[in-house]
Every structure is written in structure tokens, then in C-alpha cells.
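> With the sequence up front, the predicted model follows.
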There are 2 protein chains.
Amino acid sequence: MKVTAIAGGVGGAKLIDGLAKSLSPNELTIIVNTGDDFDHLDLRICPDLDTICYTLAGISNPETGWGIINDSWNVLNSIKILGGPEWFQLGDKDLGTHIERTRRLHQGQTLSQVTSQFCDRLGIKYLVLPMSDQPVSTIIETTELGSLSFQDYFVKYRCQPVVNSIWFKGNKSALPAPGVIKAIDQSDAIVICPSNPWLSIDPVFSIPGILPKIIQKPSIAISPIIQGKAIKGPAAKLFMELGIEPSAIAVANHYENIIKSLVIDSLDGDLANEISKKGIIPFTTNTMMITSENRLQLAQDVLNFIERIID
Amino acid sequence: MKVTAIAGGVGGAKLIDGLAKSLSPNELTIIVNTGDDFDHLDLRICPDLDTICYTLAGISNPETGWGIINDSWNVLNSIKILGGPEWFQLGDKDLGTHIERTRRLHQGQTLSQVTSQFCDRLGIKYLVLPMSDQPVSTIIETTELGSLSFQDYFVKYRCQPVVNSIWFKGNKSALPAPGVIKAIDQSDAIVICPSNPWLSIDPVFSIPGILPKIIQKPSIAISPIIQGKAIKGPAAKLFMELGIEPSAIAVANHYENIIKSLVIDSLDGDLANEISKKGIIPFTTNTMMITSENRLQLAQDVLNFIERIID
């Protein structure tokens, strides 16, 4: 069975970790959101790509989900001493990635070429593709500060400004990265990872040509929202401001006409009936990925669910 | 007494350290060679400026003379893992300087502005000036590989190629950095530090306008060559290829018509007479700067010598 997974950062990476332990390299391709990519310290930072790659390479920081394990912070401390910007956390090992990527991009290589080379060097056997080689930026329209890049909104301003809308700058003229359409075409099913649908998956779907291909395939999404009422902090605030009910139902509504099936947490089992009425097949299981075993179990559950929807 | 010191990297920084411990900030200005500056990893590296500033800030690595004490190497290791260039040693703390400097230069600030800001942040009270805000590159013309930048010749190719000549790219259209001419004009004397005259001091003199001002002031140079016969390795090879006799006499010849006095090592006392015949006043003392006390002692000797030549 060939699967293409679409993923954002930390949440997506956990399922990717489980999928990679369940499928061989020719059975799994990963398409990664690059809407969060931005320039900082004149370096090109690709948070989701790096999180996925570090996870697949087995070097990700298990405490944060992002960055590299056992990293040091000497560069950032030095920049801080010199009065430079220190709001975005970048470890020293992690910075090596950004410096070397930026250097190669300046030389004229594409993001997918650089990503492929980095995967080779990190011993990653799975095909990891950015959604596009062209820069596409997730823009958060806010009441107080106008248009903010995702990282500015999320990290620099700690989600404080009121959000009016989200859009994707540069998406209309962007092309799917080489290999993206082929991977979807050759897949038996598409897995939409438990990343934020509005912030991490929509940017991928905003690239012309990707969604029409995806809807030709059986797709299964995993709801990143578990027990909506329990969602606190920035995500809850964002959902409220955008008028989104924070529940698996909202995820089902968002992916209506795209997905064939939605995996929800067992704790949300009472929502299965309503999801079913939308023509989406609900599956329930434990979707909390706290341990490595959780990741593997969810991945195997998802692959079993796929078997049941593709015949 | 107001003094302007002209310095290259490691050798120059040692005397600057001693001078700074002997003079107040309004008595000492340092003009630094930037001919070794280059772009690496798409970052602007200024080896001599950084060595001088790290030394004045008390954070230089005492073992190497360059870089920052107790630095880590995680960025470079990461770049190495990814297959990037690893031939130029850059510690993590040190990289913070290069990243933040490059960012500010890209924003349109000049090198002297950035240097001034960094000095403020590092608590350096002395005025440290790059020789010029325009990029001027020391170019090593070699038989085997043609034109090489200094760092390529010195670090990447480990001084292996045969050197035919040295020249300074961009010097003709470069201007002395703001403050350079004023510092010289207001000085009672000029100290030419024991840096390589051909590689580290000549670039400063190559900037139009600097040398005519210097020759109006009493200048004292400290020979970086002690007991010429003992010089081994790259410097000896370079001197031989350029037809330069490696001795304090060659330094005297090189600075003839520029300096009023030359400080040579006590071990070279037999050369004093010959130097004197050139119209240069020779002073002899211990010029080896192994310990911090050596640095201070040489600086105080130099200042005493200056008292005797400026009457």
C-alpha cells in the first residue's frame, strides 16, 4: 500500500514517526507545509520541514517537539549580548541547518533539492517534499497589527492580536514541488495528519493543482482536536476569533468533500454519528500521542482504517 | 598622550591588550585591517576586527588568539553532517557575531556603525575603527591557483600555493572609515602593531588618504619578526617566495619613510646599527608577548619610547 501523508509541524511529525515505523520508504511519501517558513536573522527557516526531518532522523528534541536534541544556545546568547533579535528560539545545531540551507538557496538550488540533500545526509530514506519550491506565507490578518507572518503572530506576539482571517501569500503563482503530484497520483490513500487544518494543512491545499489530485484519492484525516471543550490557550482563542467551534465536527466540516474518513479520539465517540451524517466515515481510537508506542499504535490504526475504506 | 594604533589580528591584538591597560579610552584609538574580511556561509566574517574586539572585551580564546573563550562547535558540526563547507573554524558564540553583523549590514548599516554598536554591547570603551567601510580584499596571486582571497590561501589551501604577489582589491575606490583621519590627526603618535607588514598593515596603508596623514605624525612600529632565522612554516615560505629576507631589517626597509622608530627584540640587538643607518631610531626590548605581563610590559616600553621620540 502506497500512502502520501500531508503534515504540518509537531503534531504531524508524531504521526509521521509512527507511519515511518510501519511503512517502507517506497510506501510512504510526506508532503510538508511550508507556509510557516520565514526569514529570520537573514536565514531561511522552515519549521515544519525541519521538525519532520529531525523526527525521521531520530534527532528531534522530545521535550519540545521542535529543534534538535541536546542542542546548545550559544549563538542566540551571543546575538542577545550584541543586542540582536532573540525572540525566536534557535539552537546551535538547528542553526547549522538554517545556515547551510540558506547558503544553498542563495546558490540557486530549490527548497526541494536542498531538502532531498539534507535527507540523504541525515540518513532519511523516506521522500520528504515541501509543498512548493516557491515561498508561500501564511498571513494572519489581525485587528491591532494588520498582516502578520505566522511566526510573528505565533511566537513574537504570542497570539495576542485578534485574528480576522488567514490567507496564503504567493500561493496563486506557486507550483507543487516536483514529485508532489506524482506521489499523490501513485498513492492508494492520502493521510492528512493531525496538524491544524486552518494553519498547517490549508496552506498545502492552497497550492493550485494539489487539492484536485487529492480528492481523486481516498483520504483519511486525523482530527487534531480532542474533546473540544478542553482546548485552551492560543488555539482556543484563534478558533473563537475565526468563529470556528473547536471540535472534531469543525474538522469534519472543514474537510467535507475532501476526506472519505475522519479519525477521532475515543473520548469524542459521541460525535461519530454526526460525522457519519456528513458522508464521512468516522473511526474512533486513541489519538493522543504521548509516547512512542502511542504514535506507532495510531499509525497502525490509521493504516488499518485505510484498508477498510480503499477496496 | 593620544595614540592611534594600527593593528591586524592575533599579534596586533596582544599589543592592543597591553596598550588598553596602559591608556585611557580617550588616549587610544585602534584602526584595524579589514583586508582579511570575507564572505563565508553567506556571512560577513571580519577576523581581525573580531580578534581585536574579543581581546578588548576580555572574551578572546587565549589558546588560539582568535575566537571566543569556552566556545562550542555545534553549528559547524551540524553543517558538516549536512555536507556543507567546514574548512573555516567558526565557534557557536563567534557565529553569533557574524550572523548579527551580516544582518545589520544587509539592513544598510556600515561596518563602522556595526562595530561601534558591538563595542558598546561588549563594554569596550576604546574606539575601534575598521580601516574602511568599503570591502577591500587582500588578494594573494599564486602560481597554481591564480588569485586567492587571504582566507582561501591561508586556511583553505594552508599556504601551499606559491605566492607571486599581494594586492588589495577595491582599495582605490575605498575611503577611510569615518573617524580614521580624525584619530590620526589628533594623535601625538602612531603605533604600528607587530602584525605582518605585508599582509595586515599594508592593506590599511593602501586606503587612499591614510598614509599621507600617518607620515605627518611620529610613528613607531614593533617588528613582528624576531630572529629571522628562527621563522618557520608558512610565514617563512611566503617571505621567501616574495623575495623578502625574514628579518627586522626587512621590516625597517618596508616601513622606511613611514616610521620614525622601530622596536626590535633584544635578541636582534645586533641589527640596531643597521636600522639606525636608515634614519630609523631603533629601540630594543623583549617583544615576545607570551604572558599578559609581557603584553603590558611591551606596551609600556613602547609608550616610553614614544615619549622619547615626540619630545
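Looks like it came in fine.

> Next, the contact list for A:Pro224, please.
A:11, A:194-197, A:251 (C-beta atoms under 8 Å, 6 or more residues apart in numbering or on different chains). Bear in mind the C-beta positions are built from the backbone N, C-alpha and C, glycine included.

> And stretch A:251-268, how far out from the chain middle?
17 Å (C-alpha atoms, centre = their mean, to the nearest Å).

> And stretch A:202-211, by the same measure?
Using C-alpha atoms, centre = their mean, the offset of stretch A:202-211 from its chain centre is 13 Å.

> follow-up on the earlier one: and the furthest pair within the contacts of A:Pro224?
Using C-beta to C-beta, the contacts of A:Pro224 span at most 12.4 Å, a distance reached by A:Gly11 and A:Val251.

> Who has more neighbours out of these two?
A:Val251 (29 against 19; other C-beta atoms under 10 Å in any protein chain shown).

> now that one, nearest residue through space, not along the chain?
A:Ser223 (4.5 Å; C-beta to C-beta, 6 or more residues apart in numbering or on different chains).

> doesn't A:Ile259 make contact with that neighbour?
No. Contact criterion C-beta atoms under 8 Å: A:Ser223 and A:Ile259 do not qualify, at 10.4 Å.

> shaky segments in the stretch 101-250 of chain A?
A:230 (pLDDT under 70).

> quick one, phi psi at the residue lying closest to A:Lys169 once chain neighbours are set aside?
Nearest in space to A:Lys169, with sequence neighbours left out and distances taken as C-beta to C-beta, 6+ apart, is A:Ser137 at 4.4 Å. Here is the backbone geometry of A:Ser137 (degrees, to the nearest 10): phi -120, psi 130.

> what's the distance between A:Ser137 and B:Phe154?
42 Å (C-beta to C-beta, to the nearest Å).

> how about A:Val128, what does it touch?
So A:Val128 contacts A:29-30, A:32, A:49, A:52-53, A:56, A:115-116, A:119 (C-beta under 8 Å, 6+ apart).

> Take these and keep only those in helices.
Among those, the members falling in helices (DSSP state H) are A:49, A:52-53, A:56, A:115-116, A:119.

> Nearest to A:Lys93 among those?
A:Lys93 lies nearest to A:Cys53 out of those, by C-beta to C-beta, at 12.7 Å.

> which residues sit in contact with that closest one?
A:115, A:118-119, A:122, A:124, A:128 are the contacts of A:Cys53 under C-beta under 8 Å, 6+ apart.

> ok, and the most crowded of those residues?
A:Thr115 leads the contacts of A:Cys53 on contacts (other C-beta under 10 Å) with 26 neighbours.

> My read is that that residue contacts A:Leu129, right?
Yes. Counting by C-beta under 8 Å, A:Thr115 touches A:Leu129, with 7.2 Å between them.

> can you list residues touching both of those two?
With C-beta under 8 Å, 6+ apart, A:Thr115 and A:Leu129 have no common neighbours.

> now the helices for the stretch 151-300 of chain A?
For the stretch 151-300 of chain A, the helices defined by DSSP state H, counting those that start in this stretch cover A:180-185, A:202-205, A:210-214, A:233-241, A:248-254, A:272-277, A:292-310.

> returning to what we had before: distance to A:Met240 added to the contacts of A:Val128, as JSON lines?
Below are these laid out as JSON lines (distance: C-beta to C-beta, whole Å):
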{"residue": "A:Thr29", "distance to A:Met240": "35"}
{"residue": "A:Ile30", "distance to A:Met240": "31"}
{"residue": "A:Val32", "distance to A:Met240": "28"}
{"residue": "A:Leu49", "distance to A:Met240": "30"}
{"residue": "A:Ile52", "distance to A:Met240": "29"}
{"residue": "A:Cys53", "distance to A:Met240": "33"}
{"residue": "A:Leu56", "distance to A:Met240": "35"}
{"residue": "A:Thr115", "distance to A:Met240": "35"}
{"residue": "A:Ser116", "distance to A:Met240": "40"}
{"residue": "A:Cys119", "distance to A:Met240": "39"}
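
> out of those, who has the most neighbours?
A:Ile52 (33 neighbours).

> Just the buried residues of stretch A:290-306, please?
Buried residues in stretch A:290-306, counted by 16 or more other C-beta atoms under 10 Å in any protein chain shown: A:294-299, A:301-303, A:305-306.

> what's in contact with it?
By C-beta under 8 Å, 6+ apart, stretch A:290-306 touches A:1, A:3, A:14-15, A:17-19, A:21-23, A:188-189, A:191, A:218, A:220, A:222, A:261, A:263, A:283, A:285-289.

> how many neighbours does A:Pro282 have?
As a measure of burial, A:Pro282 has 22 neighbours, counting by other C-beta under 10 Å.

> tell me the pLDDT at the residue lying closest to A:Ile215 once chain neighbours are set aside?
Once flanking residues are discounted, A:Ile215 sits nearest to A:Ile258: 5.9 Å by C-beta to C-beta, 6+ apart. pLDDT, A:Ile258: 97.

> do the one 5 residues further on as well
According to the predicted model, the pLDDT of A:Val263 comes to 98.

> any idea how far the closest residue to A:Glu144 other than its chain neighbours is from chain B?
What sits nearest to A:Glu144 in space, not counting adjacent residues and going by C-beta to C-beta, 6+ apart, is A:Pro161, at 4.5 Å. Distance of A:Pro161 to chain B, computed by C-beta to the nearest C-beta, to the nearest Å: 25 Å.

> Repeat that for A:His98.
A:His98 is 9 Å from chain B, by C-beta to the nearest C-beta.

> host element of that residue?
helix A:92-106 (DSSP states H and E).

> near chain B, which residues of chain A?
Residues of chain A found near chain B (C-beta under 8 Å from any C-beta of the partner chain) are A:41-43, A:68, A:71-72, A:74-79, A:81-84, A:91-97, A:99-100, A:102-103, A:106, A:117-118, A:121-122.

> Report the buried members of these.
A:41-43, A:68, A:71-72, A:74-76, A:78-79, A:81-82, A:84, A:91-97, A:99-100, A:102-103, A:117-118, A:122.

> so how far is the first residue of stretch A:253-268 from its last?
End-to-end span of stretch A:253-268 (C-alpha to C-alpha, to the nearest Å): 15 Å.

> For it, list every residue counted as buried.
Those would be A:254-255, A:258-265, A:268, for stretch A:253-268 by 16+ other C-beta under 10 Å.
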